[in-house]
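>>> Pasting the sequence and the predicted model now:
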Amino acid sequence: MSQPAIQLGPNFIRNIVDEDLASGKHKSVVTRFPPEPNGYLHIGHAKSICINFGLASHYQGRCHLRFDDTNPVKEEQEYIDAIKTDLRWLGFDWGEHEYHASDYFATLYGYAEKLVEKGLAYVCDLSPAEMREYRGTLTEPGKNSPYRSRNIEENLDLLRRMRAGEFADGSRVLRARIDMASPNLNLRDPILYRILRATHPRTGDAWCIYPMYDFAHGQSDSLEKITHSLCTLEFQDHRPLYDWLCEALEIYHPQQIEFARLNLTYTIMSKRRLLELVNEKHVSGWDDPRMPTLSGMRRRGFPAVAIRTFCERIGVGKSDSVIDMGTLEDCVREELNSVVPRAMGVLRPLKVTITNYPEGQAEEFTVPCHPKDPSMGTRTIPFSREIYVDRDDFMEDPPKKFFRLGPGREVRLRYGYIIRCDEVIKDPASGEVTELRCSYDQETGGGALPEGRKKVKGIIHWVSAAHAVPVEVHLYDRLFSVANPAGEKERDYRELLNGDSLEVLSQALVEPGLADAAPGSSFQFERLGYFTVDSKDSQPGELVFNRSVTLRDTWAKLTVK
RNA sequence: AGGGGCGUCGCCAAGCGGUAAGGCACUGGAUUUUGAUUCCAGCAUUCACAGGUUCGAUCCCUGUCGCCCCUGCCA
C-alpha cells in the first residue's frame, strides 16, 4: 500500500515541526494515531489520522498506529479490527508499526515502581468519594491524602500486592506525588494505576491493575520515540502532567501539541453518544449510512478520497469550530462527479404512454457513460411505448420557470425523443395522477433537432417500463434537525434527532444495465444525485441503492424561496 | 487561589511589523441533451473591542468583552 497524497496546507503544527527540524532538535518526524478501541472510527478521527499520517509523510517520517487500550471494560476486539479496516480503507499504511499500550504493561509497571522508589508516587487508600473531597474544587486547593506520607518501602510493598491481586477492585490506587494545591487539577496527585479485574481483549486476565491514560499515553509515546504527540484541545491541561512524568521517569520526552477537534453541522462526534444511538436502535448500527462513522460513510458511498480532500480543506487550528456539512458534501460530489458512470433511475415512477409509438416496438439508444470522459465508454438504453418518469417532473399547474412536464408541455427525454403531454389520467376516486399520455416527435430521436424546431428547455430522465429493473432506494437526510446538536445544552440530543433522516422508496426503477451492479459501486442517477449499491442489504436481484449525496439543485433552491 | 485555551468574510482558514491568500457557501453571467459539470465575474478599506509602542500593527504591549475546556479509580 502506498501513502496517499495528503496535502495539508501550512498550519501551526508544521511551523513547530519546521523549527524543530531547523534547530536540530529533531532529525526526523515520528507521529502516531492512538485510538482507544472502544468504538468505531468517525470523521473526527479521520481529521486526526490525516494530520498524523499527513505530517509524517510531508516530512518523510513515519506514523504509528497505537491502540490506547488501557481500559478493558470498554474495549473490544471487534473495535480493534474495525479500526484497522477503516484505516486501510481511508488509504493509510502503518507498515510494521502497529503497537498497543497493553504491549507496554510490564514496562509501565516498572515505571511505577521506579516512581515509588524515587518517592514520587504513593499508594492511596482513599475511597472515590473521599478522593473527590480531598481534591478540592476549581477555585479551592485540595488537601493532602493521609496516605501521602507513607514511606517508600510500604508503598513498594503495597504496589506489589496490588499487582498480585491481594486487594479488592477500587480499594487502593497508585498516585503521583505532585501538588494538591496546584491550580491545575491534573496535577493534584493524579491517579496512575487502579485495581480493576476485567478481562482485557489482548492481555486477558494477566493484570488486575491497569494504568490510567496519563500514565500510559506519554510513556507509550516515549517508548516509540514519537517526536510530536498530537492530540485534541481538551488535553491541554494534561500537558504539564505529561511533561512532569517524562521528567520524573527520566525518559525520552516527546512534545505534545494540541489542535481543535472536528465538529460537523447536523451530527455529533461523541463516541459515547454514537454508541447510544446504536444500542438504543436509533440507527441500524455503527455503519448506518447516516452515521458520521467511516464505516457509515463508506456504506453511504462517500469515497475515501473525498474524506481525505475534506481533511485537507478544513485545515488545522486551535479555535473551536463547526464545519458546514456542505463542505464535506462538496468533496464527495467533486470526486464522484469525475469518476462515476451515469445512469438513469426513477425514484417515484409515473407512467407515461407514448400514444403514437407503435405497440410492441422497442429501440435502443447508445449513450455515453460520462458526459465529459469518453474513456468511460458507452452503454445502451432501451426505449419503448411505455416509460416511467419521476413524479417530480410533472406538475398539473406548473409555476413560472418550471420547465418540465405539464399539460400541453414539451420536454426532451434525456438521450431520447421530445415528447408532448397530451392528456393527464387521474384516479377518479382520489384524483391522483396515474398516467400521462404523450406523443413523441420521431424526428428528435437521440437528441436530434430538426431544422427550425425550437429547442426545448426541459430535459428529464426516464426508464423503459418493460425493461426497467425494480430496486429499493434509501434517501438520507441529516441525522439531526439542528445545526449544532452538541451545543444544545437544554435538551437531550436524542430529542434533536431528525425523524425523517431515512426515506425508503420501494418502487424505484433503474435502467437494465444496472441489474448486476456490484455492492459498493456508485452511479450518478442523472439529475438526481449519486447512488451507491448498499453492501449489506442488497441481494442478488434485489438491489438497494443508498443516495450518497444529491446533485446541486438550483431549481430546488428557487422553489424554497 | 482558580487554571488552561481561543476570537481574521455566513462556515473553515493563510498571515508572524510594510498596508487582508485560498476553499466552502452565496450572487451575477457564458457554455451545456443532467436546472449537473465546466468557465468567467463579484463577495473583509478591514482582522472581538479600547488604549499604548512604532514612520507604519491583524501581527508587539496593556486592559476589557465573548466563547470553549478542566473538580472520572474514562480516553
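Sure thing, it's come through.

>>> what's the neighbour count on residue A:145?
Residues within reach of residue A:145, counting by other CB atoms under 10 Å, total 20. Glycine gets a C-beta too; all of them are placed from N, C-alpha and C.

>>> Enumerate every residue touching the closest residue in space to it that isn't next to it in sequence.
Leaving aside its chain neighbours, residue A:145 sits nearest to residue A:124 (5.0 Å; criterion: CB to CB, 6 or more residues apart in numbering). Contacts for residue A:124 were tallied using CB atoms under 8 Å, 6 or more residues apart in numbering; they are A:131, A:145, A:147, A:148, A:172, A:173, A:174, A:175, A:189.

>>> What of residue A:475?
A:347, A:502, A:503, A:504, A:505, A:547.

>>> pretty sure it belongs to a strand, no?
Yes. Residue A:475 sits within a strand when classified using DSSP: H, G, I helix; E, B strand; the rest coil.

>>> on that earlier part again, in PyMOL, select just the buried ones from the contacts of residue A:124.
Buried members of the contacts of residue A:124, defined by 16 or more other CB atoms under 10 Å, are picked up in PyMOL with:
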select buried, chain A and resi 131+145+147+172+173+174+175+189
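
>>> Could you list which of the contacts of residue A:124 also contact RNA strand B?
A:131, A:172, A:173 (CB under 7 Å from any atom of the strand).

>>> I'd like these as a markdown table, with pLDDT and secondary structure appended.
Output for those, formatted as a markdown table (pLDDT from 0 to 100; DSSP: H, G, I helix; E, B strand; the rest coil):
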| residue | pLDDT | secondary structure |
| --- | --- | --- |
| A:131 | 98 | helix |
| A:172 | 98 | coil |
| A:173 | 98 | strand |
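
>>> ok, these vs residue A:322, which is closest?
If you rank these by distance to residue A:322 using CB to CB, residue A:131 comes first, at 35.6 Å.

>>> on that earlier part again, could you check how far the residue nearest to residue A:145 is from residue A:195?
12 Å (CB to CB, to the nearest Å).

>>> Next, show the common contact partners of these two.
A:172, A:173.

>>> Just confirm yes or no for the lowest-mean-pLDDT helix or strand in chain A near RNA strand B.
Taking mean pLDDT, DSSP states H and E as the measure, the helix or strand of chain A with the lowest value is helix A:554-560, at a mean of 87. Yes. Under the criterion of CB under 7 Å from any atom of the strand, RNA strand B is reached by helix A:554-560 at A:554, A:555, A:557, A:558.

>>> Just the buried ones out of those residues, please.
Using 16+ other CB under 10 Å, nothing in those comes out buried.

>>> nearest to residue A:244, of these?
residue A:557 (55.7 Å).

>>> Just the strands from the stretch 351-500 of chain A, written as ranges.
If DSSP state E, counting those that start in this stretch is used as the criterion, the strands of the stretch 351-500 of chain A fall at A:362-368, A:378-384, A:386-390, A:410-413, A:418-426, A:433-441, A:459-460, A:462-464, A:469-476.

>>> got a list of what residue A:266 touches?
A:325, A:478, A:479, A:480, A:481, A:482, A:483, A:485, A:498.

>>> Against RNA strand B, how distant is the nearest residue to residue A:465 once chain neighbours are set aside?
Nearest residue to residue A:465, sequence neighbours excluded (CB to CB, 6+ apart): residue A:386, at 3.9 Å. According to CB to the nearest atom of the strand, to the nearest Å, residue A:386 stands 20 Å off from RNA strand B.

>>> Next, work out how far apart residue A:386 and residue A:352 are.
From residue A:386 to residue A:352 the distance is 7 Å (CB to CB).

>>> try residue A:540
Residue A:540 is 30 Å from residue A:352, by CB to CB.

>>> quick one, which of the two is more surrounded?
Using other CB under 10 Å as the criterion, residue A:540 and residue A:352 rank with residue A:352 on top: 24 against 8.

>>> need the helices for chain A, in chain order.
With DSSP state H as the criterion, chain A has helices at A:12-23, A:43-58, A:77-90, A:105-117, A:128-135, A:152-164, A:217-223, A:239-249, A:271-279, A:294-300, A:304-314, A:325-339, A:554-560.

>>> Which single residue in the stretch 351-500 of chain A comes nearest to RNA strand B?
Residue nearest to RNA strand B within the stretch 351-500 of chain A (CB to the nearest atom of the strand): residue A:447, separated by 1.1 Å.

>>> That residue and residue A:465: what is the separation?
Noted for residue A:447: a distance of 22 Å to residue A:465, by CB to CB.

>>> ok, now residue A:9?
For residue A:9, the distance to residue A:465 - CB to CB - is 52 Å.

>>> Neighbour count: the two, which is higher?
In this view residue A:9 and residue A:465 are compared by other CB under 10 Å, and residue A:465 has more residues nearby, 17 against 10.

>>> ok, now which ones touch residue A:176?
A:115, A:120, A:121, A:189, A:190, A:192, A:241, A:244, A:245, A:248.

>>> quick one: the residue nearest to residue A:145 from RNA strand B, how far?
8 Å.

>>> any chance of the contacts of residue A:176 in CSV, plus pLDDT and distance to residue A:287?
Below are the contacts of residue A:176 laid out as CSV (pLDDT from 0 to 100; distance: CB to CB, whole Å):
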residue, pLDDT, distance to residue A:287
A:115, 98, 43
A:120, 98, 46
A:121, 98, 43
A:189, 98, 43
A:190, 98, 37
A:192, 98, 37
A:241, 98, 36
A:244, 98, 41
A:245, 98, 38
A:248, 98, 43
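
>>> which residues does residue A:516 contact?
Taking CB under 8 Å, 6+ apart, one finds nothing in contact with residue A:516.

>>> Tell me how far it lies from residue A:383.
In this view, residue A:516 and residue A:383 are 21 Å apart by CB to CB.

>>> pretty sure residue A:163 is touching residue A:109, no?
Yes. Between residue A:163 and residue A:109 there is a contact at 6.6 Å, judged by CB atoms under 8 Å.

>>> okay, and the common contacts of these two?
In contact with both residue A:163 and residue A:109: residue A:209, using CB under 8 Å, 6+ apart.

>>> what number of residues lie near residue A:395?
Residue A:395: 15 surrounding residues under other CB under 10 Å.

>>> Any regions of chain A where pLDDT drops low?
A:1-5, A:561 (pLDDT under 70).

>>> can we see that at 50?
Along chain A, segments meeting pLDDT under 50 span A:1-2.

>>> who wins for proximity to residue A:472 among the helices of chain A?
If we rank those by CB to CB, the stretch that ends up nearest is helix A:294-300, at 14.6 Å.

>>> And the closest one, how far out from the chain middle?
Its chain's C-alpha centre and that of helix A:294-300 lie 7 Å apart, by CA atoms, centre = their mean, to the nearest Å.

>>> for stretch A:287-302, same thing?
On CA atoms, centre = their mean, the centre of stretch A:287-302 falls 6 Å from that of its chain.

>>> And stretch A:467-474, by the same measure?
Per CA atoms, centre = their mean, the centroid offset for stretch A:467-474 relative to its chain is 28 Å.

>>> next one: stretch A:111-126
41 Å.

>>> ditto for stretch A:14-29
32 Å.
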